[in-house]
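Peer 1: return a 3D structure for these sequence lines:
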Amino acid sequence: MSEDHRFDWHHYSKETIYRDIKQLRNSGFKIDHSRKSGTYEIKSIPVRLDFEPGEIVALAVACRTIPEEAGMPYAKELSGALNKISGLLSPESKQTLATNPYFQMKFKPVADYSSHQGTIEKIRRAIAAGREIEMVYYSAKSDKEQKRVVDPYELYFSEGGVRLEAYCHVKRKVLEFRVDRIRELKVLPIQAGAPVGDGSFTFKLWLDQRLARSIGERFSDQKTELNEDGSSTLTARSTNPFRLILQVLAYGEHAKLLEPVHLKRRMAVIAEQMDKLYAGE
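Peer 2: Predicted coordinates for the structure are as follows:
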């Protein structure tokens, strides 16, 4: 400091300098002292983050959303980041962060992903590099393991599982694969094809008066038209026929799939099979 032309040593006593160094250290500054040269050097400067109470609550909710015990991707890293951020907060903010936010988003995975971290990381790298993937995939429908070559598009968590959306070269369409059903996987040195579309389609539902009043916004591009008898016709888009069928089944007798026709026929077959299953009980 005495060599800095902007600093006039003669205006300050050594006691003042030592006092200031002590205060800086107490405030979190890392200051090293060299006995050989008799100099002090600031090694690191503490950072203090100023959050609003609502922002702290949102941070706590987000970081506690992903259950670490289920081996969810990045749950451990997110917990570590929260601990580091906590160290930069004021005492008041730390107390807010530790308080129960009384709000949570429940992500309950259907599988333990601890043993699938390597697979998830390979998929992530393949998507980033735009590379094809070759994998051995277990199909619950056929109860067989099948080799697939896919162009990976997106990796995400949905309906209790980590899923991969990809174009399948075998089926020649965009499909969704559960990561916990991938038995083997390797990234190929082949450039993946460009996305061929999200495979979305338009559908129509008939809703009775009760469901029409309570359904709210459930689907993409949803539009609702009120019928004369109080029922409604809902038009929207979906990317997954299987999920749509499950959703309509969950509505029971309060909804009917009108379009597309091939899914309507599929629903009729399912209803007939269910009728035979429950007949006589």
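Peer 1: residue 259: what's it in contact with?
Peer 2: Contacts for residue 259 were tallied using CB atoms under 8 Å, 6 or more residues apart in numbering; they are 202-204. Every C-beta, even on glycine, is put in place using the N, C-alpha and C of the backbone.
Peer 1: kindly report the same for residue 29.
Peer 2: 42, 44-46 are the contacts of residue 29 under CB under 8 Å, 6+ apart.
Peer 1: hmm, which of those residues are the buried ones?
Peer 2: Burial by neighbour count, 16 or more other CB atoms under 10 Å: within the contacts of residue 29 this picks out no residue.
Peer 1: and the gap between residue 65 and residue 79?
Peer 2: Plainly put, residue 65 is 11 Å away from residue 79 if you go by CB to CB, to the nearest Å.
Peer 1: for the helix ranked longest in the chain, packing partners?
Peer 2: Longest helix in the chain, counting residues (DSSP state H): helix 261-278. Applying 3 or more CB pairs under 8 Å, 6 or more residues apart in numbering; DSSP states H and E, one finds that helix 261-278 contacts helix 241-251, strand 255-259.
Peer 1: so which of the ones you listed comes closest to residue 219?
Peer 2: helix 241-251 (8.5 Å; CB to CB).
Peer 1: next, the buried residues of that closest one.
Peer 2: For helix 241-251, the neighbour count (16+ other CB under 10 Å) marks 244-245, 247-248 as buried.
Peer 1: ok, now stretch 188-205?
Peer 2: Buried residues in stretch 188-205, counted by 16+ other CB under 10 Å: 192, 203-205.
Peer 1: repeat that for stretch 166-186.
Peer 2: Those would be 166-168, 174-182, 185, for stretch 166-186 by 16+ other CB under 10 Å.
Peer 1: what residue ranges in the chain score low on pLDDT?
Peer 2: Applying pLDDT under 70 to the chain flags residues 1-10, 47-49, 69, 196-199, 280-281.
Peer 1: so where's the longest strand in it?
Peer 2: Looking across the chain with DSSP state E, the single longest strand is strand 144-158.
Peer 1: show me what the helix or strand following it is packed up against.
Peer 2: Next helix or strand after strand 144-158 toward the C-terminus (DSSP states H and E): strand 161-168. Packing partners of strand 161-168 (3+ CB pairs under 8 Å, 6+ apart): strand 144-158, strand 173-178.
Peer 1: got the angle for the last one vs strand 144-158?
Peer 2: Comparing the axes of strand 173-178 and strand 144-158 via axes from the mean of the first three to the mean of the last three CA atoms, to 10 degrees yields an angle of 80 degrees.
Peer 1: pairing partners for whatever helix or strand comes next after strand 173-178, with directions?
Peer 2: Note on strand 173-178: by DSSP H and E, the next helix or strand toward the C-terminus is strand 182-191. Strand 182-191 sits in its sheet next to strand 131-139 (antiparallel), going by DSSP bridges.
Peer 1: give me the angle between the strand it pairs with and strand 161-168.
Peer 2: 120 degrees.
Peer 1: what about residue 32, which SS state?
Peer 2: For residue 32, the assignment made with DSSP: H, G, I helix; E, B strand; the rest coil gives strand.
Peer 1: contact partners for it?
Peer 2: Residues in contact with residue 32 (CB under 8 Å, 6+ apart) are 40-41, 43.
Peer 1: please name the bridge partners of it.
Peer 2: With DSSP bridges as the criterion, residue 32 is bridged to residue 41.
Peer 1: quick revisit: for the contacts of residue 259, give me TSV that also has distance to residue 145 and secondary structure.
Peer 2: Shown next, in TSV, are the contacts of residue 259 (distance: CB to CB, whole Å; DSSP: H, G, I helix; E, B strand; the rest coil):
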residue	distance to residue 145	secondary structure
202	35	strand
203	32	strand
204	38	strand
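Peer 1: what is the nearest of the residues you listed to residue 276?
Peer 2: Among these, residue 203 lies closest to residue 276 (CB to CB), at 26.1 Å.
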